[in-house]
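[1] below is the sequence, then the predicted model.
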Amino acid sequence: MRVTLFALSTCPYCRMTKKFLDETGVEYELTEVDSLEGEEKESAVAEVKRLSGGTSFPVVVVNDEVIVGFNKKRIKELLLP
Amino acid sequence: MSTPAPRQRFHEGTTIEDLKAYMTPFVVQLGYVFNDDTEFVDEVLSSELEILDQTGDVYCPCRVRTGDPKEDLKVVCPCIPFYADQFAKLRKCWCGLFVLHDVEDGSELHGVIDVPEGPADVPVARVESFPDGTVRTVRIGRREVALARVENDFYALGNVCRHAFGPLGQGFVEGHTVICPWHGWRYDVRDGTTDHPDADVKTYPVTVRDGYVIVTV
């Protein structure tokens, strides 16, 4: 299973999502978009737009499913089938 | 690429309480209040103060700025008008900082992110702040709507005149007619009709509830 979290350091629901993922013990890749700079940031923003259709955070990707926002229920369903 | 600094509206040393006092009169007009989860509100606003220090304005802590000034204006907090249709269905703003005025438990909405299908009932103004015999433009997400008050009833119609795209919300009200401020085209506020063929504008249902004018889009 591949789990990715795109987050902003300033966003409370991103913090809740991080905390929740940490509690489940799942390994995930974290990209904190506002901590990046220059081209790295631009490409992360482009990736978030492509995946979610917008620029709202958090964005969680579990395998090929994209979840925009702190949707604990859906993340749980995907992680713990 | 350099983005021009936003015009300063908050002085140095601005506090969470200052932000609350500044934003409240605005969001009240739009049907929102601060979430009653005060700890959460303070967390969001302290993030906004950090962003204020870095950028010169209080951008949304849950959305990324793209550097395009026109787009970035839509993520200055409170961003409610620019997403009003979505937020009305979520019953809160994206961050959860603001909730609709009749939400009883704001913390219950933290996990809610799905925007349900179907129409949205969007509060756009307080009744008492809207004089009879006037029209104004209200923003509802990507739409602009001309909202008119005539004989104490409210009417909502597409804001764009079909003649030369004039802003009907800046027009004149005469009886049940809105007159376009650019060339005087006339529209009936009740059904959006005009005398010119194939040039009617769309109308939207309007209701009044709890002192708010609510447009269904």
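    Arrived safely. Numbering: from 1, shown residues only, chains lettered A, B, ... in the order given.

[2] for the rest of this, base every contact and every neighbour count on C-alpha atoms.
    Noted.

[3] ok, which stretches of chain B are helices?
    B:16-29, B:38-55, B:69-72, B:84-90 (DSSP state H).

[4] and the contacts of the first one?
    Under the criterion C-alpha atoms under 8 Å, 6 or more residues apart in numbering or on different chains, residues B:33, B:34, B:42, B:45, B:46, B:49, B:78, B:80, B:101, B:124, B:125, B:126 lie in contact with helix B:16-29.

[5] so who does the most centrally placed residue in chain B touch?
    With distances taken as C-alpha atoms, centre = their mean, residue B:81 lies nearest the centre of chain B, 2.5 Å away. Each residue near residue B:81 by C-alpha under 8 Å, 6+ apart is listed here: B:30, B:139, B:140, B:141.

[6] by neighbours, which of the contacts of helix B:16-29 wins?
    Sorting the contacts of helix B:16-29 by how many neighbours each has (other C-alpha atoms under 10 Å in any protein chain shown) puts residue B:80 first, at 25 neighbours.

[7] which parts of chain A sit against chain B?
    Applying C-alpha under 8 Å from any C-alpha of the partner chain, we find that chain A lies next to chain B at A:8, A:10-14, A:34, A:45, A:55-58, A:68-72.

[8] let's see it at 7 Å
    Taking C-alpha under 7 Å from any C-alpha of the partner chain as the contact definition, chain A meets chain B at A:8, A:10, A:11, A:12, A:55, A:56, A:57, A:69, A:70, A:71, A:72.

[9] give me the phi and psi angles of the third one.
    Going back to what we said before, that points to residue A:11. Phi and psi for residue A:11, reported as degrees, to the nearest 10, are phi -100, psi 120.

[10] tell me the pLDDT at residue B:11?
    Listed pLDDT for residue B:11 reads 87.

[11] now for residue 21, how many residues are close by?
    With no chain named, the answer covers chain A. 19.

[12] other chain: chain B
    11.

[13] same thing with residue B:175?
    11.

[14] rewinding a little: adding distance to residue B:109 and mean pLDDT, write the helices of chain B out as TSV.
    TSV is the format used below for the helices of chain B (distance: least, C-alpha to C-alpha, whole Å; pLDDT from 0 to 100):
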stretch	distance to residue B:109	mean pLDDT
helix B:16-29	18	96
helix B:38-55	12	95
helix B:69-72	26	88
helix B:84-90	8	95
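
[15] please identify the deepest-packed of the ones you listed.
    helix B:84-90 (a mean of 23; mean count of other C-alpha atoms under 10 Å in any protein chain shown).

[16] please see if that helix touches chain A.
    No. Under the criterion of C-alpha under 7 Å from any C-alpha, chain A is not reached by helix B:84-90; the shortest gap measures 11.9 Å.

[17] same question for stretch B:106-122.
    Yes. For stretch B:106-122 and chain A, the contact criterion (C-alpha under 7 Å from any C-alpha) is met by B:111, B:112, B:113.

[18] in CSV, list those residues along with pLDDT.
    Shown next, in CSV, are the residues of stretch B:106-122 next to chain A (pLDDT from 0 to 100):
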residue, pLDDT
B:111, 75
B:112, 72
B:113, 73
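
[19] most neighbours, which of these?
    Going by other C-alpha under 10 Å, residue B:113 tops the residues of stretch B:106-122 next to chain A with 20 neighbours.

[20] excluding chain neighbours, what is closest to that one?
    Once flanking residues are discounted, residue B:113 sits nearest to residue A:69: 5.8 Å by C-alpha to C-alpha, 6 or more residues apart in numbering or on different chains.

[21] and for residue B:157?
    Leaving aside its sequence neighbours, residue B:157 sits nearest to residue B:203 (C-alpha to C-alpha, 6+ apart; 4.2 Å).

[22] give me the low-pLDDT residue ranges for chain B?
    B:1-7 (pLDDT under 70).

[23] need the residues of it near chain A, please.
    Residues of chain B that fall close to chain A, judged by C-alpha under 7 Å from any C-alpha: B:44, B:47, B:61, B:62, B:63, B:64, B:111, B:112, B:113.

[24] tell me which helix or strand of chain A sits lowest on mean pLDDT?
    Ranking every helix and strand in chain A by mean pLDDT, DSSP states H and E puts helix A:72-79 at the bottom, with a mean of 90.

[25] check contacts around residue B:155.
    Counting by C-alpha atoms under 7 Å, 6 or more residues apart in numbering or on different chains, residue B:155 touches B:147, B:148, B:149, B:189, B:190, B:206.

[26] gap between it and chain A?
    32 Å (C-alpha to the nearest C-alpha, to the nearest Å).

[27] tell me which residues form a beta bridge with that residue?
    Note on residue B:155: beta-bridge partners by DSSP bridges are residue B:148.

[28] which single one of the contacts of helix B:16-29 is nearest to chain A?
    residue B:46 (9.0 Å; C-alpha to the nearest C-alpha).
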